[in-house]
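next comes the sequence, and after it the predicted model I'd like to discuss.
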Amino acid sequence: MNIFVVVSLILLAMVISYLIGSISFAVLLSKIFAHKDVRNFGSGNAGMTNVMRTAGILPGILTLLFDIIKGALACSIGKFMIFDYLYRTTESEWLLPVYGALLCGIFCQLGHVFPIYFGFKGGKGVATTVGIMAICNWVVLVIALSVFIIIFLLTKTVSKGSILAAASLPICMIFLYNHVESMLYTGYIQCALTAVLAIIIIVKHKDNIIRIIHGQEKPITYKNREG
(Lines give C-alpha, C1' and ligand atoms only; values in the text may rest on other atoms or scores of the structure.)
Protein backbone atom coordinates (compact mmCIF):
# COMPACT_ATOMS: atom_id res chain seq x y z
CA MET A 1 0.00 0.00 0.00
CA ASN A 2 1.20 3.50 -0.82
CA ILE A 3 2.68 5.26 2.22
CA PHE A 4 0.64 8.36 1.41
CA VAL A 5 -2.58 6.35 1.73
CA VAL A 6 -1.44 4.86 5.04
CA VAL A 7 -0.55 8.24 6.52
CA SER A 8 -3.76 9.81 5.20
CA LEU A 9 -5.93 7.12 6.80
CA ILE A 10 -4.09 7.42 10.12
CA LEU A 11 -4.50 11.21 10.09
CA LEU A 12 -8.18 10.79 9.21
CA ALA A 13 -8.64 8.45 12.18
CA MET A 14 -6.94 10.93 14.51
CA VAL A 15 -9.02 13.89 13.28
CA ILE A 16 -12.29 11.97 13.57
CA SER A 17 -11.36 10.86 17.08
CA TYR A 18 -10.51 14.40 18.12
CA LEU A 19 -13.82 15.71 16.77
CA ILE A 20 -15.74 12.96 18.59
CA GLY A 21 -13.88 13.76 21.79
CA SER A 22 -14.68 17.46 21.38
CA ILE A 23 -18.39 16.83 21.98
CA SER A 24 -18.68 18.07 25.57
CA PHE A 25 -21.69 16.31 27.03
CA ALA A 26 -21.03 18.01 30.37
CA VAL A 27 -21.66 21.41 28.80
CA LEU A 28 -24.59 20.26 26.69
CA LEU A 29 -26.40 18.40 29.48
CA SER A 30 -25.84 21.12 32.08
CA LYS A 31 -27.41 23.62 29.67
CA ILE A 32 -30.32 21.29 28.93
CA PHE A 33 -31.09 20.37 32.55
CA ALA A 34 -30.02 23.48 34.46
CA HIS A 35 -29.71 26.16 31.75
CA LYS A 36 -26.13 26.76 32.88
CA ASP A 37 -22.67 26.26 31.50
CA VAL A 38 -21.09 23.89 34.01
CA ARG A 39 -17.70 25.50 33.38
CA ASN A 40 -18.92 28.70 35.08
CA PHE A 41 -19.82 26.98 38.34
CA GLY A 42 -18.26 24.82 41.02
CA SER A 43 -14.80 23.63 40.08
CA GLY A 44 -15.23 24.89 36.52
CA ASN A 45 -14.50 21.44 35.15
CA ALA A 46 -16.64 20.02 32.35
CA GLY A 47 -16.98 16.59 33.89
CA MET A 48 -19.38 14.27 35.70
CA THR A 49 -18.63 15.41 39.26
CA ASN A 50 -19.13 19.10 38.55
CA VAL A 51 -22.27 18.39 36.52
CA MET A 52 -23.68 16.50 39.50
CA ARG A 53 -22.94 19.43 41.78
CA THR A 54 -24.25 22.00 39.30
CA ALA A 55 -27.17 20.32 37.52
CA GLY A 56 -28.01 17.19 39.50
CA ILE A 57 -27.40 13.47 39.66
CA LEU A 58 -29.21 12.45 36.45
CA PRO A 59 -27.30 14.77 34.08
CA GLY A 60 -24.11 13.79 35.90
CA ILE A 61 -24.76 10.10 35.25
CA LEU A 62 -25.67 10.80 31.63
CA THR A 63 -22.44 12.79 31.23
CA LEU A 64 -20.48 9.83 32.55
CA LEU A 65 -22.19 7.38 30.19
CA PHE A 66 -21.87 9.52 27.07
CA ASP A 67 -18.22 10.34 27.78
CA ILE A 68 -17.48 6.62 28.12
CA ILE A 69 -19.34 5.88 24.90
CA LYS A 70 -17.47 8.51 22.89
CA GLY A 71 -14.13 7.12 24.08
CA ALA A 72 -15.17 3.61 23.07
CA LEU A 73 -16.50 4.85 19.73
CA ALA A 74 -13.30 6.64 18.77
CA CYS A 75 -11.18 3.62 19.71
CA SER A 76 -13.49 1.28 17.80
CA ILE A 77 -13.06 3.37 14.66
CA GLY A 78 -9.29 3.21 15.04
CA LYS A 79 -9.11 -0.46 15.98
CA PHE A 80 -11.83 -2.19 13.97
CA MET A 81 -11.99 0.02 10.90
CA ILE A 82 -8.90 2.06 10.03
CA PHE A 83 -6.05 0.08 11.60
CA ASP A 84 -7.63 -3.31 11.03
CA TYR A 85 -7.76 -2.51 7.33
CA LEU A 86 -4.21 -1.15 7.31
CA TYR A 87 -2.83 -4.15 9.19
CA ARG A 88 -4.56 -6.69 6.95
CA THR A 89 -3.33 -4.82 3.89
CA THR A 90 0.27 -4.16 4.92
CA GLU A 91 0.87 -6.77 7.68
CA SER A 92 3.11 -4.21 9.35
CA GLU A 93 3.69 -4.73 13.09
CA TRP A 94 3.55 -0.95 13.49
CA LEU A 95 -0.07 -0.97 12.39
CA LEU A 96 -1.55 -3.44 14.86
CA PRO A 97 -5.22 -2.61 15.53
CA VAL A 98 -4.60 -2.11 19.26
CA TYR A 99 -2.14 0.67 18.44
CA GLY A 100 -4.85 2.34 16.39
CA ALA A 101 -7.25 2.05 19.29
CA LEU A 102 -4.84 3.70 21.71
CA LEU A 103 -3.77 6.38 19.23
CA CYS A 104 -7.37 7.30 18.49
CA GLY A 105 -8.07 7.16 22.22
CA ILE A 106 -5.36 9.72 22.87
CA PHE A 107 -6.80 12.11 20.28
CA CYS A 108 -10.33 11.56 21.57
CA GLN A 109 -9.10 12.41 25.05
CA LEU A 110 -7.35 15.52 23.72
CA GLY A 111 -10.63 16.51 22.12
CA HIS A 112 -12.39 16.04 25.45
CA VAL A 113 -9.79 18.12 27.28
CA PHE A 114 -9.47 20.76 24.54
CA PRO A 115 -12.81 20.68 22.65
CA ILE A 116 -12.79 22.66 19.44
CA TYR A 117 -16.55 23.26 19.67
CA PHE A 118 -16.38 24.76 23.17
CA GLY A 119 -13.44 27.14 23.20
CA PHE A 120 -10.88 24.44 23.97
CA LYS A 121 -12.03 24.34 27.61
CA GLY A 122 -13.12 20.83 28.49
CA GLY A 123 -12.93 18.11 31.12
CA LYS A 124 -10.18 15.95 32.57
CA GLY A 125 -10.63 12.83 30.45
CA VAL A 126 -11.33 10.24 33.16
CA ALA A 127 -14.65 8.88 31.88
CA THR A 128 -13.44 9.05 28.29
CA THR A 129 -10.44 6.94 29.26
CA VAL A 130 -12.78 4.31 30.70
CA GLY A 131 -14.33 3.92 27.26
CA ILE A 132 -10.90 3.89 25.66
CA MET A 133 -9.54 1.14 27.88
CA ALA A 134 -12.74 -0.89 27.52
CA ILE A 135 -11.80 -1.33 23.87
CA CYS A 136 -8.02 -1.46 24.30
CA ASN A 137 -7.55 -3.72 27.32
CA TRP A 138 -10.46 -4.59 29.61
CA VAL A 139 -8.19 -6.36 32.13
CA VAL A 140 -6.21 -3.17 32.76
CA LEU A 141 -9.48 -1.26 32.95
CA VAL A 142 -10.88 -3.58 35.63
CA ILE A 143 -7.74 -3.17 37.74
CA ALA A 144 -7.78 0.62 37.37
CA LEU A 145 -11.49 0.80 38.22
CA SER A 146 -10.82 -1.32 41.31
CA VAL A 147 -8.14 1.18 42.37
CA PHE A 148 -10.59 4.03 41.82
CA ILE A 149 -13.40 2.39 43.77
CA ILE A 150 -11.19 1.51 46.73
CA ILE A 151 -9.69 5.01 46.97
CA PHE A 152 -13.08 6.68 46.49
CA LEU A 153 -14.73 4.55 49.18
CA LEU A 154 -11.91 5.37 51.58
CA THR A 155 -11.75 9.11 50.87
CA LYS A 156 -15.11 10.01 49.22
CA THR A 157 -12.95 12.08 46.87
CA VAL A 158 -13.25 11.51 43.14
CA SER A 159 -10.00 13.30 42.28
CA LYS A 160 -7.84 11.05 44.47
CA GLY A 161 -9.36 7.94 42.98
CA SER A 162 -9.01 9.31 39.45
CA ILE A 163 -5.36 10.28 39.85
CA LEU A 164 -4.28 6.95 41.33
CA ALA A 165 -6.36 4.95 38.85
CA ALA A 166 -4.77 6.87 35.97
CA ALA A 167 -1.29 6.25 37.37
CA SER A 168 -2.05 2.53 37.57
CA LEU A 169 -2.86 2.23 33.85
CA PRO A 170 0.67 2.07 32.35
CA ILE A 171 1.93 0.13 35.37
CA CYS A 172 -0.73 -2.53 34.89
CA MET A 173 -0.08 -2.59 31.16
CA ILE A 174 3.64 -3.30 31.51
CA PHE A 175 3.13 -5.94 34.23
CA LEU A 176 0.54 -7.64 32.04
CA TYR A 177 3.11 -8.24 29.30
CA ASN A 178 6.47 -8.47 31.08
CA HIS A 179 6.18 -12.22 31.60
CA VAL A 180 5.30 -12.97 27.99
CA GLU A 181 8.51 -12.70 25.99
CA SER A 182 6.80 -12.90 22.59
CA MET A 183 4.61 -9.90 23.48
CA LEU A 184 7.16 -7.65 25.19
CA TYR A 185 7.63 -5.39 22.17
CA THR A 186 3.87 -4.88 21.80
CA GLY A 187 3.54 -4.44 25.54
CA TYR A 188 6.12 -1.65 25.67
CA ILE A 189 4.39 0.29 22.91
CA GLN A 190 0.99 -0.12 24.54
CA CYS A 191 2.48 0.93 27.87
CA ALA A 192 3.93 4.09 26.30
CA LEU A 193 0.65 5.03 24.63
CA THR A 194 -1.30 4.29 27.81
CA ALA A 195 1.15 6.44 29.76
CA VAL A 196 0.21 9.38 27.52
CA LEU A 197 -3.44 8.93 28.53
CA ALA A 198 -2.44 8.77 32.19
CA ILE A 199 -0.22 11.86 31.99
CA ILE A 200 -3.00 13.94 30.41
CA ILE A 201 -5.36 12.99 33.23
CA ILE A 202 -2.82 13.67 35.97
CA VAL A 203 -1.75 17.02 34.50
CA LYS A 204 -5.40 18.08 34.22
CA HIS A 205 -5.73 17.30 37.94
CA LYS A 206 -2.88 19.62 38.90
CA ASP A 207 -5.18 21.97 40.84
CA ASN A 208 -6.68 18.99 42.67
CA ILE A 209 -3.21 17.72 43.50
CA ILE A 210 -2.31 21.11 45.01
CA ARG A 211 -5.49 21.08 47.11
CA ILE A 212 -4.83 17.49 48.21
CA ILE A 213 -1.32 18.42 49.33
CA HIS A 214 -2.74 21.31 51.39
CA GLY A 215 -5.63 19.24 52.73
CA GLN A 216 -8.20 21.43 50.98
CA GLU A 217 -9.75 18.92 48.55
CA LYS A 218 -13.41 18.46 49.45
CA PRO A 219 -15.24 15.09 49.26
CA ILE A 220 -18.07 14.75 46.78
CA THR A 221 -21.47 16.04 47.86
CA TYR A 222 -24.84 16.50 46.18
CA LYS A 223 -26.34 18.92 48.68
CA ASN A 224 -25.09 22.16 47.19
CA ARG A 225 -25.82 22.20 43.48
CA GLU A 226 -23.81 25.36 43.01
CA GLY A 227 -20.84 23.38 44.55
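The structure has been received and is ready for your questions.

report the central residue of the chain.
Among the residues of the chain, the one closest to the centroid is T129, at 2.3 Å (C-alpha atoms, centre = their mean).

assign that residue to helix, strand or coil.
Applying DSSP: H, G, I helix; E, B strand; the rest coil to T129 yields a three-state assignment of helix.

from S168, how far off is it?
Computed as C-beta to C-beta, to the nearest Å, the T129 to S168 distance reads 12 Å. For the C-beta atoms, the positions are set from N, CA and C on the backbone; glycine is no exception.

and V113, by the same measure?
Between V113 and S168 the computed distance is 20 Å (C-beta to C-beta).

state the distance from the residue nearest to the centre of the chain to N2.
Per C-beta to C-beta, T129 is found 34 Å from N2.

go on, K79?
22 Å.

looking at these two, which is more packed in?
A direct count of neighbours by other C-beta atoms under 10 Å for K79 and N2 places K79 higher, at 24 against 7.

wait, that one touches L95, no?
No: using C-beta atoms under 8 Å, K79 is not in contact with L95; the gap is 11.2 Å.

can you get me a residue count around H214?
Neighbourhood size, H214 [other C-beta under 10 Å]: 8.

all helices for the protein, in order.
Using DSSP state H, the helices found in the chain span residues 3-21, 25-34, 48-55, 57-76, 83-90, 97-113, 126-136, 138-155, 158-177, 184-204, 206-213.

outside of the fifth one itself, list whatever touches it.
To tie it back to what came earlier, the one meant is helix 83-90. By C-beta atoms under 8 Å, 6 or more residues apart in numbering, the residues outside helix 83-90 that reach it are 1, 6, 9-10, 13, 92, 95-97, 99-101.

among the residues you listed, find the lowest-pLDDT one for me.
Lowest pLDDT among the contacts of helix 83-90: M1, with 77.

so who does T129 touch?
Taking C-beta under 8 Å, 6+ apart, we find T129 in contact with 71, 105, 109, 166, 169, 197, 201.
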